[in-house]
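S.K.: here are the coordinates; sequence isn't available:
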């Protein structure tokens, strides 16, 4: 089976287009077969919504490499087990056979890597001889088995720069005690919340207080820390992870959300903390919630992150050419300074569905911050400002017209 | 009285440092006297917290020109009338005399221009012979008498780019109907809400629905528009101005805020609209609230805006040299294409405390958008990407150590 298939799975990133574009290029150079792509992830494969990525004109491929989020379309559909949904497996098999697909590239996070692992099982069950290669991607940086995941460095850079700028604004206006809260994504892990420490703020300004999902949120202790910040700086900057929980294990935001909206969508931790401070300290609080902006900000992407987003694609094609399967490309750190890394691979079975926690010993609980070790790990990931194409004052993000098969 | 005084007043912007830095340079070239600056606006003047801006080292002046928000510190204190607070007037007079100040530069919005106008009265009352010059500054673009105000173009550019990126992300994930809401600043005027039209989105994507504070918010009609967007695109992007009001004249956010928090701080219009859609259409809604990020994003400033932020300072010094007083520098548009403009001046009495409305005939109410005339006005203001100094993956925003007097 000479052709290959690529799909994206799970939340998109600012650099996912860079991975897709690099994969198209590497595949062209390495293989005679076509590279098809499924729109909106696995559901595109199930529904036979494939496009011919290898026929994408070069100018469009270059535009795709700079496109945040939606060049191809991702999705949240995962492959069920055969026992639970044999029909789904038969449909996937039929589509793969009809398009003579021998290689599948799955670009996603830990849930998506479980789908990749199941595609290996599917290949075995139907003796398709597939080569299934995972490509890491998540802004949450919670994929096991890799030093980092493409998408994280850019999101961290975006949040760090945003915090630097908003903190300066807040500081300029701090004629009386006031609080600025930045709510960041990260339901279970605090990787992105580290922006509060990565942001380079002058020592004359208050250090941001970081609320990690890994640390039980103690409102009373936190209020005292905010007040301590006031005595020195008249101002307080907080980074609140959307996933902070109280002693009872409940999401802090959800306690409010359920009372208010009667629904379960997370979000609002920043506003919940703001409400707490208004009630307990009677101060003015501003809350910023970047939401999608933090994972889509290609204009503020990390060049290092883009380089890695492209490298995992190149390495994935190489693994497929070697006939490997059931692996995910990973990024291995060789040195911190100067930062050096290379791509290798890990078994899907070892990483699928696992969640890489932010190391607890990297959290400085007393200071609501992180340790020097954490910064040594994080800082290389935000380095470099990539080229961006601008037209009439705005980035050039065209619509990608995918060639039909 | 040979010296001059500069202060910032009201909310800061991404380019306010550019104005301050240009003023220092122009003043140095034009005058033998010192240029002092009051920290945190008028309160710095009242409390005699002045620094010697003319002694700022050139390297720091250049850094200041790239600094968002808090280079000097702004404030919200306004000058009362003499009848209401003669004591305040006497303190201001004493500080001005003790520092031999003959010129005052007030950099602010419409409220601040009222303070500037009162400083002219103060000068007359105490026969100080002051030259009082206003410099425009507001992200809200609601200053009368000027074609635009420094700060607006950059905030509009930031919001437009952010919307382009977030909309691509949202579109990539739109496998079932869902909504993305961007809540923007603008309590009374919809200038910033126009980002929904300035953002260049492919025609294949849904046009953002813009909710202006100028247009009475009709939930029922809006829900129908969202549903219409779903039938075509499966997705809907909305720009919600923080200041939208319902038929009874109440802020839509405040109706919720009061019920929830018992306080009056505005904000939350985006979440209120999200709640409406969850209840009426049962869809997933994401809300981004950039808050301070939209007025502090120097990394995404408009080069045109920076040029104007500097030009108003240069022109202000020129006006002072000519012995003028009681005027604000304004920006006059000479042509739309190619965009041409120059600086002139308007009487403070003609513009202070007035609010420049977004022209109602630039709003396309049926389409929840704006007219071509609006775009012709807006597009020149976001042009150009200025130089930015980066270090270790982050912008260089040092602390400005102001020389003491």
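M.R.: Ah, there it is. Note that the coordinates shown come from a computational prediction; the quantities given were computed from them, not determined experimentally.
S.K.: Who are the contact partners of the residue of the stretch 301-405 of chain A found nearest chain B?
M.R.: Closest contact between the stretch 301-405 of chain A and chain B, by C-beta to the nearest C-beta, is at residue A:399 (3.4 Å). C-betas here are computed from N, CA, C, even on glycine. Neighbour list for residue A:399: B:202, B:203, B:204, B:205 [criterion: C-beta atoms under 8 Å, 6 or more residues apart in numbering or on different chains].
S.K.: Tell me the secondary structure at the closest residue to the first one other than its chain neighbours.
M.R.: By that I understand residue B:202. Leaving aside its sequence neighbours, residue B:202 sits nearest to residue A:399 (C-beta to C-beta, 6 or more residues apart in numbering or on different chains; 3.4 Å). Three-state assignment for residue A:399 (DSSP: H, G, I helix; E, B strand; the rest coil): coil.
S.K.: Which phi and psi values does residue A:399 adopt?
M.R.: Backbone geometry at residue A:399, expressed as degrees, to the nearest 10, gives phi -80, psi 130.
S.K.: starting at the chain centroid, how far to the strand or helix carrying residue A:17?
M.R.: Using DSSP states H and E, residue A:17 falls within helix A:16-30. Here helix A:16-30 is found 19 Å from its chain centre; the criterion is C-alpha atoms, centre = their mean, to the nearest Å.
S.K.: buried sites along it?
M.R.: For helix A:16-30, burial by neighbour count (16 or more other C-beta atoms under 10 Å in any protein chain shown) applies to A:16-28.
S.K.: tell me what that helix is packed against?
M.R.: Contacts defined by 3 or more C-beta pairs under 8 Å, 6 or more residues apart in numbering or on different chains; DSSP states H and E place helix A:16-30 against strand A:3-8, strand A:35-38, helix A:58-65, strand A:101-108, helix A:303-321.
S.K.: Mean neighbour count added to the ones you listed, as a markdown table?
M.R.: Shown next, in a markdown table, are these (neighbours: other C-beta atoms under 10 Å in any protein chain shown):
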| stretch | mean neighbour count |
| --- | --- |
| strand A:3-8 | 27 |
| strand A:35-38 | 27 |
| helix A:58-65 | 18 |
| strand A:101-108 | 27 |
| helix A:303-321 | 23 |
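S.K.: Just send these back as TSV, with distance to chain B too.
M.R.: Listed next are those as TSV, based on distance: least, C-beta to the nearest C-beta, whole Å:
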stretch	distance to chain B
strand A:3-8	8
strand A:35-38	12
helix A:58-65	11
strand A:101-108	12
helix A:303-321	8
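S.K.: Go through the ones you listed and name the closest to residue B:99.
M.R.: Closest to residue B:99 of these is helix A:303-321 (C-beta to C-beta; 48.1 Å).
S.K.: so what strands line up beside the first helix or strand past the closest one going along the chain?
M.R.: Going down the chain from helix A:303-321, the next helix or strand is strand A:327-336, by DSSP H and E. Strand pairing for strand A:327-336, using DSSP bridges, gives strand A:131-136 (parallel), strand A:339-347 (antiparallel).
S.K.: Can you read off the pLDDT for the residue positioned nearest the centre of chain A?
M.R.: Residue closest to the mean C-alpha point of chain A, counted by C-alpha atoms, centre = their mean, is residue A:139 at 1.4 Å. pLDDT, residue A:139: 97.
S.K.: same question, residue A:262
M.R.: In this model, residue A:262 is scored at 44, pLDDT.
S.K.: Verify the contact between residue A:299 and residue B:158 for me.
M.R.: No - with contact defined as C-beta atoms under 8 Å, residue A:299 and residue B:158 do not form a contacting pair (9.5 Å).
S.K.: Between these two, which is the more surrounded one?
M.R.: Between residue A:299 and residue B:158, counted using other C-beta atoms under 10 Å in any protein chain shown, residue B:158 has the larger neighbour count: 29 against 25.
S.K.: Now render the strands paired with strand A:327-336 as a markdown table, adding mean pLDDT.
M.R.: A markdown table is the format used below for those (pLDDT from 0 to 100):
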| stretch | mean pLDDT |
| --- | --- |
| strand A:131-136 | 98 |
| strand A:339-347 | 98 |
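S.K.: if we can go back for a sec, out of the contacts of residue A:399, which is nearest to residue A:270?
M.R.: When the contacts of residue A:399 are compared for distance to residue A:270 (C-beta to C-beta), residue B:205 wins out at 28.4 Å.
S.K.: Let me know how buried the closest one is, in neighbour terms.
M.R.: Residue B:205 is flanked by 19 other residues according to other C-beta under 10 Å.
S.K.: how far away is it from chain A?
M.R.: Separation of residue B:205 from chain A (C-beta to the nearest C-beta, to the nearest Å): 7 Å.
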